[in-house]
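**Student:** I need the structure of the sequence given here:
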Amino acid sequence: AAARRLAAAGGASGLLGRAAALTAIARSDNLALGTVPQLATAYRAGLRAGGAATAAGSELSAALGQLQGLIDLNDAVAGRAQGMLDLVDQAAAEQVTGGAGLLAAFQQDQAAFTAARTQSQLQGVRQRLVQLAATVSARLAADRCGHAVPSGKVITISLSLQEMVFYDNGCAVRATPVTTGRALLRTPTGTFHIFDKQSPYVFISPWPPGSPFWYPTSPVNWVMEFAQGGYYIHDAPWEPTSVYGPGSQNGVDASHGCVQTPGATMAWVYQWTPMGTPVIITS
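**Tutor:** This next block holds a predicted model:
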């Protein structure tokens, strides 16, 4: 049985290669390595001594299965934390009841996730995130209407939260993380209105090659212009969905003043938004 498991792992070299790869991933995620390093060393020593090292290989294979499970759990919690960040940002942007406390609770969970190294610690963080998500969702539902925005359809954008919320007669309809303007080319604040919509559209850099602001010709699917000078809400096929949100305005995918929006949301908002829709941008 041990021999069959070893063959399935790609032989001795495959088993050791997997050990090296999983160890590197676990270290980068600050996870407990368990006995994998010691077992890999013992297995390698047994092979060098000319033995089959079957028992050591079987132990190493089992330990790698546990380490893989820990890495998978860490990835799952990371995905849940990202989704939770989107919810908390939406709650903060909509100024729901107790929003500051929800943000503080999430920050505590984030710190606990960063420090988590074992399966029990990660499971504890996941459970707290599940409970927090239920609380935030309930607050968003309870406070969906009655927001202090103009009547009709309104779009609000928070630059600090990197969050855009869509309202209809004071009721929140949808929200999304966004990416706004980079340093030196920040998105303007104030109250604007949508005055032009085009689909598709091609962005051509007004800055020459060699300028730190130059960018290659960039086709997009939908644009809605809200301020003179080429300020648009638009999709950005080059930006990964996971990048949007707080801090993205300082990342490599930050815009040149526009409001970049995930494609699925942009397809919806382009149809939802009539000409003249107010766009309220706050710091």
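
**Student:** Test my guess that residue 99 contacts residue 92.
**Tutor:** Yes - using Cβ atoms under 8 Å, residue 99 makes contact with residue 92 at a distance of 5.0 Å. For every residue, glycine as well, the C-beta is placed using N, CA and C.

**Student:** list the buried ones in the helix or strand where residue 19 lies?
**Tutor:** Applying DSSP states H and E as the criterion places residue 19 in helix 11-28. Buried residues in helix 11-28, defined by neighbour count with 16 or more other Cβ atoms under 10 Å: 12, 15, 16, 18, 19, 22, 23, 25, 26.

**Student:** ditto for stretch 246-262
**Tutor:** Under 16+ other Cβ under 10 Å, the buried positions of stretch 246-262 are 246, 248, 249, 254, 255, 256, 257, 258, 259, 260, 261, 262.

**Student:** what about the longest helix in this protein?
**Tutor:** Criterion DSSP state H: the longest helix present in the chain is helix 54-94.

**Student:** Report the angle between the helix or strand just after that helix and helix 54-94.
**Tutor:** Helices and strands here follow DSSP H and E; after helix 54-94, the next one along the chain is helix 99-115. Helix 99-115 runs at 160 degrees relative to helix 54-94, counting by axes from the mean of the first three to the mean of the last three Cα atoms, to 10 degrees.

**Student:** Put the alpha carbons of helix 99-115 into CSV.
**Tutor:** What follows is helix 99-115, C-alpha atoms only, in CSV (Å, rounded to 0.1, in the frame of the first residue of the first chain):
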residue,chain,number,x,y,z
GLY,A,99,-21.3,50.5,11.2
ALA,A,100,-18.2,51.5,13.2
GLY,A,101,-18.6,48.5,15.5
LEU,A,102,-18.9,46.2,12.6
LEU,A,103,-15.8,47.5,11.0
ALA,A,104,-13.9,47.2,14.3
ALA,A,105,-15.1,43.6,14.6
PHE,A,106,-13.9,42.8,11.1
GLN,A,107,-10.5,44.3,11.8
GLN,A,108,-10.1,42.1,14.8
ASP,A,109,-11.0,39.1,12.7
GLN,A,110,-8.5,40.1,10.1
ALA,A,111,-5.8,40.4,12.8
ALA,A,112,-6.7,36.9,14.1
PHE,A,113,-6.5,35.5,10.6
THR,A,114,-3.1,37.0,10.0
ALA,A,115,-1.9,35.4,13.2
